[in-house]
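Asker: The following comprises the amino acid sequence and a computationally predicted model.
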Amino acid sequence: MCSQNFPLGLSYLLVKPSLLALEIDWPSKMSKRAGENKLESWMLIWKEKTSGGSRSSKTFKPKKNIPEGSHQYELLKHAEATLGSGNLRMAVMLPEGEDLNEWVAVNTVDFFNQINMLYGTITDFCTEESCPVMSAGPKYEYHWADGTNIKKPIKCSAPKYIDYLMTWVQDQLDDETLFPSKIGVPFPKNFMSVAKTILKRLFRVYAHIYHQHFDPVIQLQEEAHLNTSFKHFIFFVQEFNLIDRRELAPLQELIEKLTSKDR
Ligand SMILES: [Zn+2]
């Protein structure tokens, strides 16, 4: 399989409302899989899809687990259940009586896992040769710096950039002082600003996939997963104002289209 054989791209998506409307049918897919969390359901759906084919989806980074029985696990379950209601605007709202930091933390972990898997399925197409720079369309190029280990931004290929990015995010999620998993351990004062940086950076992976790798996404019939995941992500960051509008510019047109038919 080669992307050159399939000359469609983001522009195709933007003029093709039927493609844009493709989303995962949460309730029916989820009800058959009671007891499994969303990520596991996705993995199963993907496995079914790719089994028998020449390639299988691979997880790019190990997924971050939210331990079963914890309050955060309950929150994740709540998020999944409300997603099934079909009203995404309501599904992203802070559940009554819950802590905003914890809600943002649980959802951030969930988005990391989703993006990890979405990117994992197209890593064969995102190479040093195909993507010598990390970009989101012709107008946006990203250089990597994490602000601690790498202060001066480095210009590198997209696979390298995304590897830096996802490793950095994973390090933040694994840091118990930033993302406490134990009951009673408070979130740090700077939690929201850390979460904003994580989400801002994760957005760039969506932007890169949509702009540079939408052809293989169609080939692999993953556009519904990608659209659903991205729409959920956007509704979430809009609800809590987590990403600056300027940062969202590379996908502004898509965001407007995806969110114009609020459900
Ligand atoms: Zn790429």
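Answerer: Yep, it's here. All values reported here derive from a predicted model rather than from experimental measurement.

Asker: so where is the stretch 101-250 of the chain shaky, pLDDT-wise?
Answerer: Across the stretch 101-250 of the chain, nothing is flagged by pLDDT under 70.

Asker: how about the strands in it?
Answerer: Applying DSSP state E, counting those that start in this stretch to the stretch 101-250 of the chain gives strands spanning 134-135, 141-142.

Asker: Paired strands for the last one, with orientation please.
Answerer: Each strand pairing with strand 141-142, determined using DSSP bridges, is listed with its direction: strand 134-135 (antiparallel).

Asker: Do the strand it pairs with and the ion come into contact?
Answerer: No. Counting by Cβ under 5 Å from the ion, the ion has no neighbours in strand 134-135; the shortest distance is 7.8 Å. Yep, even glycine has a C-beta here, placed from its N, CA and C like the rest.

Asker: Looks like E223 contacts V217 (just checking).
Answerer: Yes. Contact between E223 and V217 holds when scored by Cβ atoms under 8 Å: they sit 5.5 Å apart.

Asker: most packed of the strands of the stretch 101-250 of the chain?
Answerer: Per residue and on average, the most neighbours among the strands of the stretch 101-250 of the chain fall to strand 134-135, with a mean of 22 (mean count of other Cβ atoms under 10 Å).

Asker: From the rest of the structure, what touches it?
Answerer: Identification of contacts with strand 134-135 by Cβ atoms under 8 Å, 6 or more residues apart in numbering yields 141-144, 156-158, 160-162, 204, 208, 211-212.

Asker: Could you list which residues are in contact with the residue nearest in space to the middle of the chain?
Answerer: For the chain, the residue lying nearest the average C-alpha position, counting by Cα atoms, centre = their mean, turns out to be I115 (3.5 Å). With contacts defined as Cβ under 8 Å, 6+ apart, the neighbours of I115 are 166, 202, 205-206, 229.

Asker: switch the cut-off to 10 Å
Answerer: Taking Cβ atoms under 10 Å, 6 or more residues apart in numbering as the criterion, I115 is in contact with 60-61, 162, 165-166, 169, 202-206, 209, 226, 229-230, 233.

Asker: how much space is there between it and P180?
Answerer: 23 Å (Cβ to Cβ, to the nearest Å).

Asker: Next, count neighbours for the residue nearest to F111 when sequence neighbours are not counted.
Answerer: Among residues not flanking F111 along the chain, F233 sits closest, at 5.5 Å (Cβ to Cβ, 6 or more residues apart in numbering). If you count neighbours by other Cβ atoms under 10 Å, F233 ends up with 22.

Asker: For PyMOL, what selects the buried ones among the contacts of I115?
Answerer: Remark: buried members of the contacts of I115, expressed as a PyMOL selection using 16 or more other Cβ atoms under 10 Å:
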select buried, resi 60+61+162+165+166+169+202+203+204+205+206+209+226+229+230+233
